[in-house]
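> Need the 3D shape of this:
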Amino acid sequence: MQYFTEQGATHREALDRVRAKYGDQAQILSHRTVRTGGVLGLFAREAVEVTGYIRPAPRVEPRPTPKDLEEEKRKILERARADQAKSDEALGKVLEELRGLKESIGVLVRPPSEEEHESIRRAEELLAQNDFTDTLRRELVGSLRRDFTLEALEDWEGLEAALLERIGDLVELWREGDQRPPRGPRVLALVGPTGVGKTTTIAKLAAIYAVGMLGERPKSVRMVTIDNYRIGARQQIETYGNIMGVPVSCVETAEDLRKTLAFHADADLILVDTIGKSPRDAVRLAEMQRLIAACGPQAEVHLAVPATMKASDMAETLRQFEPFGYRAVVLTKLDETNRVGNAVSVLAERRKPLSYVTTGQRVPQDIERATVTGLLTRLEGFRVDRPRLEERYGESASRRGHEAL
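Coordinates of the predicted model:
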C-alpha cells in the first residue's frame, strides 16, 4: 500500500495538493499543524501536514455487450430447436433461460440507477437548507461518498459531525497579529457597498479597541472619515466619537488623508471609514481606490459584506473590490439571517479570510472576532458539540473574550 505526506499553508491547500497528485483514490488518515522554513528555528511559518494512503481502485467486472447477448440468444434458440421434440420439460428449461436473458438485456439497456444512501440524502438536504452553493455541496457530499463505507454511513451522528468539521476546515480566519506594521500606527480601512453598515462597524471597532475589550490593553484610537457625501454621515461618526472620546477627522482628498494620517502618527490605531460604492460603478470604485492608496502599503483594507446577500451577489462583490487589495472580509448583519452557507461557500471558493462579524446595531456589543465555531453554531439543522469544535479549532479562549464584550 502506498502512503503519502503533503503540506500546505492551509488545510484546504494541503487537500488540494493531495487531490492533484493522487486523485480520488487518496484516503486521508490525519492532519496536524507543523512549522516549516526559517533559519535556525527563526522565521518559521505554520503549515498543515496531512498523511494518508492510496486506496486501490475497485475491480470492475466487464459487463456483457449487446453482441455477447445476441450470440448467447442464438445458441439458446439453436438448442431449443434441437430439443423441441424431446420433452415439454426441456422446453420449459429453455424458456426459463430466455427469461433470464431478457432480464440481462434490460439491465444493459437501462442506465444504472444506484439508490442513494439515506445519510447522503440527509447531508445534501442540510447543505441545501443552509444555502451552500451547488459547487461546495457537490464537493462536500462527494467527499462523504468517497471516505465513508456503507457501514459507516449507518452512523448518522458520526457522519453529521464529520460533515460539520469538513465545513469548518474550509473557513479561513484572518490573524491580526501577523498584520501589524513594524513602526507607526496600525491603519485599518473599511470598504464595501452602500448600506452594509461600515460606519457602525468602524464605531464598534473604535470602542472595543479604545476600551480594550478584545483581550488587549486599551489603545490610542483615531477615526477618519471620507464619507462627506452621504447625508448625516459625518454627524453620525462624530457623534460616536464624542461619546467614546475618540477624535474624528474628516477628509475629502488623498492629500488631506495623507496629512491626517501623518498628524496622528502617535496613535496606536487609525480607523478609516469610506464611502459606500456599488460594485458595478467602476468609475467611482477607481476614485475610491486612489483615496485608499493614500493610506500606504502597510494599511489593512477589510471588505464589509452583509450575510443577507445572495451567494452569487456576494461573489461578484468580492470580485469587484479585488483592486483594493483587501486582506480580509467583515461579515455584517449576521443577526438578520438564519443561514450562513452562502458566506462560507463564497469565502472558501475565493479563499478569503474572515476577520470580524457583526450581529446588530449596538455599539460596541454587537461585534466579535470571527471564529470557526461561531459560524458553525449558526448552521440550521446540525447538532453542534461546541466544546469539541472549540478544542479542534483552538477557540476556547476566543469565546471567553467574546463573553466579556
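> Grab the nearest non-local neighbour of the spatially most central residue of the chain.
The chain has Ala348 as the residue nearest its centroid, 3.1 Å off, counting by CA atoms, centre = their mean. Closest residue to Ala348 apart from its sequence neighbours, by CB to CB, 6 or more residues apart in numbering: Leu170 at 4.0 Å. Where C-beta positions appear, they are placed from N, C-alpha and C, glycine not excepted.
> okay, now that neighbour: neighbour count?
Leu170 has 20 neighbours, counted by other CB atoms under 10 Å.
> mind listing what it touches?
Residues near Leu170 by CB atoms under 8 Å, 6 or more residues apart in numbering: 12, 136, 344, 348.
> Of those - the most surrounded one?
Val344 (27 neighbours).
> picking that back up, okay, and which of the contacts of Leu170 map to helices?
12, 136, 344, 348 (DSSP state H).
> Flag the shaky bits of the stretch 101-250 of the chain, pLDDT-wise.
The model of the stretch 101-250 of the chain has pLDDT under 70 over residues 101-114, 177-182, 214-216, 227-233.
> could you redo the last one with a cut-off of 90?
Residues of the stretch 101-250 of the chain meeting the criterion pLDDT under 90: 101-116, 150, 175-184, 194-195, 199, 207-208, 210-218, 226-245.
> For the residue nearest to Ala348, give its distance to Lys21.
Distance from Leu170 to Lys21, counting by CB to CB, to the nearest Å: 20 Å.
> which stretches of the stretch 201-350 of the chain form helices?
With helices called from DSSP state H, counting those that start in this stretch, the stretch 201-350 of the chain shows them at 233-244, 254-263, 282-293, 311-320, 341-350.
> Now tabulate these in a markdown table and tack on distance to Ile275.
Shown next, in a markdown table, are the helices of the stretch 201-350 of the chain (distance: least, CB to CB, whole Å):
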| stretch | distance to Ile275 |
| --- | --- |
| helix 233-244 | 8 |
| helix 254-263 | 13 |
| helix 282-293 | 6 |
| helix 311-320 | 15 |
| helix 341-350 | 24 |
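> out of those, which comes closest to Val330?
The closest of those to Val330 is helix 341-350. By CB to CB, the value is 11.1 Å.
> Surely Gly37 and Gln7 touch.
No. With contact defined as CB atoms under 8 Å, Gly37 and Gln7 do not form a contacting pair (10.5 Å).
> between these two, which one's more packed in?
Taking neighbours as other CB under 10 Å, Gly37 and Gln7 compare with Gln7 leading, 13 against 10.
> Phi and psi next, for that one.
Main-chain torsions, Gln7, degrees, to the nearest 10: phi -120, psi 150.
> partners of it in the sheet?
Gln7 has these beta-bridge partners by DSSP bridges: Glu49.
> pretty sure it contacts Thr36?
Yes. Using CB under 8 Å, Gln7 is in contact with Thr36, at 6.5 Å.
> Spit out the residues that contact those two alike.
Ala47.
> follow-up on the earlier one: out of the helices of the stretch 201-350 of the chain, flag the one nearest Glu118.
Among the helices of the stretch 201-350 of the chain, helix 341-350 sits nearest to Glu118 (CB to CB), with 21.4 Å.
> What average pLDDT does that closest one get?
For helix 341-350, the mean pLDDT works out to 95.
> do the same with stretch 265-285
78.
> Strands of the chain, residue ranges please.
3-8, 26-36, 45-54, 186-191, 221-225, 248-250, 269-273, 300-306, 328-332, 354-358, 367-369 (DSSP state E).
> among those strands, which is nearest Glu160?
That would be, of the strands of the chain and by CB to CB, strand 26-36, which comes in at 18.5 Å.
> Could you give the number of residues near Asp266?
9.
> Correction: the previous question concerned Val330.
Residues within reach of Val330, counting by other CB under 10 Å, total 26.
> Domain-wise, how is this protein divided?
Following automatic domain parsing, the chain resolves into domains at 1-55, 71-85+96-112, 176-370.
> Around the nearest residue to Asp24 once chain neighbours are set aside, how many other residues sit close by?
In this structure, Asp24 finds its nearest non-sequential neighbour in Arg146, 5.9 Å apart by CB to CB, 6+ apart. Around Arg146 sit 13 other residues, with neighbours defined as other CB under 10 Å.
> Do I have it right that Arg222 meets Leu269?
Yes. If you go by CB under 8 Å, Arg222 and Leu269 touch, sitting 7.4 Å apart.
> list residues touching both of those two?
Shared contacts of Arg222 and Leu269 (CB under 8 Å, 6+ apart): Pro185.
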